[in-house]
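J.: sequence plus the predicted model coming up.
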Protein chains: 2
Amino acid sequence: MKATFDEYMLEKKKQIEQDIISHTQVESTPEELQQSMHYSLAAGGKRLRPILLYASYETYANRSSRVRNVALALEMIHTYSLIHDDLPALDNDDYRRGKKTNHKVFDESTAILAGDALLTHSFHLIATDDELTDQEKVQLITWLTEASGPAGMVAGQILDIKAENSEVSLHTLEKIHALKTGKLISFAVQAGAYLGGATEEQQQHLQTFSHFLGVLFQIQDDILDITGDVEKMGKPIGSDAENNKSTYPVILGLEKAIEYRDYYLKEALAALEHAQADHYYMKDLTEYFTERDY
Amino acid sequence: MKATFDEYMLEKKKQIEQDIISHTQVESTPEELQQSMHYSLAAGGKRLRPILLYASYETYANRSSRVRNVALALEMIHTYSLIHDDLPALDNDDYRRGKKTNHKVFDESTAILAGDALLTHSFHLIATDDELTDQEKVQLITWLTEASGPAGMVAGQILDIKAENSEVSLHTLEKIHALKTGKLISFAVQAGAYLGGATEEQQQHLQTFSHFLGVLFQIQDDILDITGDVEKMGKPIGSDAENNKSTYPVILGLEKAIEYRDYYLKEALAALEHAQADHYYMKDLTEYFTERDY
């Protein structure tokens, strides 16, 4: 019997969190470095990126053990980016998901190095995977370095920092988010579909889909910073406004931002249908991206 | 006619610095990030790691274009590690090689992100190389992530930081350096020999060789901090002592440190002979590692 969406989310989250425990004990890694890497990886979070990768893969294939390491590698890269983003020189955040940030628990030097270690180790996980062919590994590493590197996530991070305390246009805001969060979300969808054996045409439609998904994810994030519940969010509400951050509601107003989000949802679901991926959990997940309250 | 060793060093250095210019213009990378990445990569240095990779490869094969991207990737990883090492939270250095460190020219956030970008892009360079097979790429990325990750260079960096301001034993000192600098030096030798088609047995002997080479490199570094010329070094002399850093001369005394270095040189050259690699430039390079005055 097919699991409900809630059961599916829970099952995947559990799988990912088990893998985090078993795979972050890197042999010969100094105790404190290991603790610091593990602390942020295990600090919770919705695990949306790896779950999305699983769901994309399972739309086209079974034997999800094939994507376990890639999903974990993706979560490691996401986690490294949060650790570095929270540093005093960047966003200077003391809390994330209701817990102290890495450099507040350990120290700044350990946090910087733990981020470096997670980034490096993520590619190691893919390169040494038993279930993937060399061709698949090379393709995945090519995409993942593109998505997370100087023309991807890191580009988004620097543009985001430079845009602080200045008014940005909707166009610039979309560009920043497309790089900073969109690229890894697209990678999740792309990697899953590729390993699952989706056709070229299906992969094309999924690229369109993940563009819309990335934008709606960000709009919802911005909306939650206004309408969210402090307990559920694990961080103060209104921090974007306090930090003079440009957000969708700031530029468009809250009502218009919600309209935008729902427009992107409609477009995302249409693209999903074109990719014959609107069954299984991809559709639920897309709606969850929109409706989540934390 | 065979080039002299000096000509060889110069030619390789020129090649590597040309590649730095042509390969660090990553498309769609924000201007400031690109400048920051390029600044540290182009800021000089002896290029010893990539030259060692070339020399190791050319001991067994021609067509050195096969290792160009790997050599550049290695220099990128070395450079990222220097940028992060120089940060205020780590060594807090304002100068390196006579030039301002990355975070002094740009800012701390840009320096952190430029390091992240260089690290990520180095794997991209290998994954997208035209001259390597998928099998070779996967092997190289496996080794390089091992050498530079949480059980390699980053482990050495954290142990080094934790050892500051405390007396360490010779044993601990050797462990720190084996990880912090030895691992990447070993990768250079190993990657070159593997791509050049050295036999398993030759590769074994080269592993022994690069262990000795790594140690003698570090001892010479420590010696130069006492006996070096400030102009040639591009940094103040005696800074190790000032920072209460444990070094070979501090633990052993200068004379004994020189004896140690020469012992390791002898052992390194013997291993090189066993690997039938004591012709071409490997022997000269080993002696250069020992005799260099900056």
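T.: Great, that's in hand. Keep in mind the model is a prediction, meaning the values are calculated, not measured.
J.: pLDDT weak spots in the stretch 151-294 of chain A?
T.: The model of the stretch 151-294 of chain A has pLDDT under 70 over residues A:233-236, A:242-243.
J.: got the residues of it near chain B?
T.: A:151, A:154-155, A:157-159, A:161-162 (CB under 8 Å from any CB of the partner chain). (C-beta placed from N, C-alpha, C; glycine too.)
J.: most surrounded residue in those residues?
T.: The residue in these with the most neighbours, by other CB atoms under 10 Å in any protein chain shown, is A:Val154 (30 neighbours).
J.: may I have the strand or helix carrying it as CSV, with CA atoms only?
T.: Per DSSP states H and E, A:Val154 falls inside helix A:153-163. Below are the C-alpha coordinates for helix A:153-163, written out as CSV (Å, rounded to 0.1, in the frame of the first residue of the first chain):
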residue,chain,number,x,y,z
MET,A,153,25.3,29.1,-4.8
VAL,A,154,28.5,30.9,-3.9
ALA,A,155,27.7,33.6,-6.5
GLY,A,156,24.3,34.0,-4.9
GLN,A,157,25.8,34.3,-1.5
ILE,A,158,28.2,37.1,-2.5
LEU,A,159,25.4,39.0,-4.4
ASP,A,160,23.2,38.6,-1.4
ILE,A,161,25.9,40.2,0.9
LYS,A,162,26.6,43.0,-1.5
ALA,A,163,22.9,43.8,-1.8
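J.: how far out from the middle of the chain is that helix?
T.: In terms of CA atoms, centre = their mean, to the nearest Å, the gap separating the centre of helix A:153-163 from the centre of its chain is 16 Å.
J.: ok, stretch A:281-291 next?
T.: That offset, for stretch A:281-291, works out to 14 Å (CA atoms, centre = their mean).
J.: now stretch A:94-112
T.: 19 Å.
J.: what comes up buried for that stretch?
T.: A:96, A:99, A:101-104, A:106, A:108-112 (16 or more other CB atoms under 10 Å in any protein chain shown).
J.: what's the most distant pair in the residues you listed?
T.: For the buried residues of stretch A:94-112, the farthest-apart pair by CB to CB is A:Lys99 and A:Ser109; their separation is 20.0 Å.
J.: give me every residue that touches A:Glu146.
T.: Going by CB atoms under 8 Å, 6 or more residues apart in numbering or on different chains, A:Glu146 touches A:152, A:183, B:124.
J.: hang on, the earlier thing: in strands, which of the buried residues of stretch A:94-112 appear?
T.: A:96, A:99 (DSSP state E).
J.: also near chain B: which of the buried residues of stretch A:94-112, exactly?
T.: A:108-110, A:112.
J.: for chain B, state which of the residues you listed is nearest.
T.: Checking these against chain B by CB to the nearest CB gives A:Glu108 as the nearest, at 3.6 Å.
J.: for the closest residue to that closest one other than its chain neighbours, give me the pLDDT.
T.: Using CB to CB, 6 or more residues apart in numbering or on different chains and skipping residues adjacent in sequence, the residue nearest A:Glu108 is B:Ala89, 3.6 Å away. Looking at B:Ala89, its pLDDT is 96.
J.: look up how far B:Ser148 lies from B:Ala89.
T.: From B:Ala89 across to B:Ser148, the span is 20 Å (CB to CB, to the nearest Å).
J.: which residue of the two possesses the greater neighbour count?
T.: Remark: of B:Ala89 and B:Ser148, B:Ser148 carries more neighbours, 30 against 20, as counted by other CB under 10 Å.
J.: skipping adjacent residues, who's closest to the more buried one in space?
T.: B:Ile77 (5.2 Å).
J.: isn't that neighbour right next to B:Gly149, touching?
T.: No: using CB atoms under 8 Å, B:Ile77 is not in contact with B:Gly149; the gap is 10.2 Å.
J.: shared neighbours of the two, anything?
T.: Between them, B:Ile77 and B:Gly149 share no contacting residue under CB under 8 Å, 6+ apart.
J.: host element of the residue nearest the centre of chain A?
T.: Closest to where the C-alpha atoms of chain A average out (CA atoms, centre = their mean) is A:Arg49, at 4.3 Å. Secondary structure from DSSP H and E places A:Arg49 in helix A:48-60.
J.: next, the angle helix A:48-60 makes with the helix or strand just after that helix.
T.: Moving toward the C-terminus from helix A:48-60, the next helix or strand (DSSP H and E) is helix A:68-86. Orientation note: helix A:68-86 sits at an angle of 160 degrees relative to helix A:48-60 (axes from the mean of the first three to the mean of the last three CA atoms, to 10 degrees).
J.: report the angle between helix A:68-86 and helix A:153-163.
T.: Using the same axes, to 10 degrees, helix A:68-86 lies at 20 degrees relative to helix A:153-163.
J.: for helix A:68-86, C-alpha coordinates in CSV please.
T.: This file holds the C-alpha atoms of helix A:68-86, laid out as CSV (Å, rounded to 0.1, in the frame of the first residue of the first chain):
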residue,chain,number,x,y,z
ARG,A,68,21.4,7.6,-0.8
ASN,A,69,24.9,9.0,-0.9
VAL,A,70,24.0,11.7,-3.4
ALA,A,71,21.2,12.8,-1.2
LEU,A,72,23.5,12.9,1.8
ALA,A,73,26.2,14.8,-0.2
LEU,A,74,23.6,17.4,-1.1
GLU,A,75,22.5,17.9,2.5
MET,A,76,26.2,18.2,3.4
ILE,A,77,26.7,21.0,0.9
HIS,A,78,23.5,22.8,2.1
THR,A,79,24.7,22.5,5.7
TYR,A,80,28.2,23.8,4.9
SER,A,81,26.6,26.8,3.2
LEU,A,82,24.6,27.5,6.3
ILE,A,83,27.6,27.3,8.6
HIS,A,84,29.6,29.7,6.5
ASP,A,85,26.5,32.0,6.0
ASP,A,86,26.0,32.3,9.8
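J.: and A:Thr142, what element?
T.: helix A:134-148.
J.: quick one, helices of the stretch 101-250 of chain A?
T.: Along the stretch 101-250 of chain A, counting by DSSP state H, counting those that start in this stretch, helices occupy A:102-105, A:108-127, A:134-148, A:153-163, A:170-177, A:183-196, A:200-227, A:230-233, A:239-242, A:248-252.
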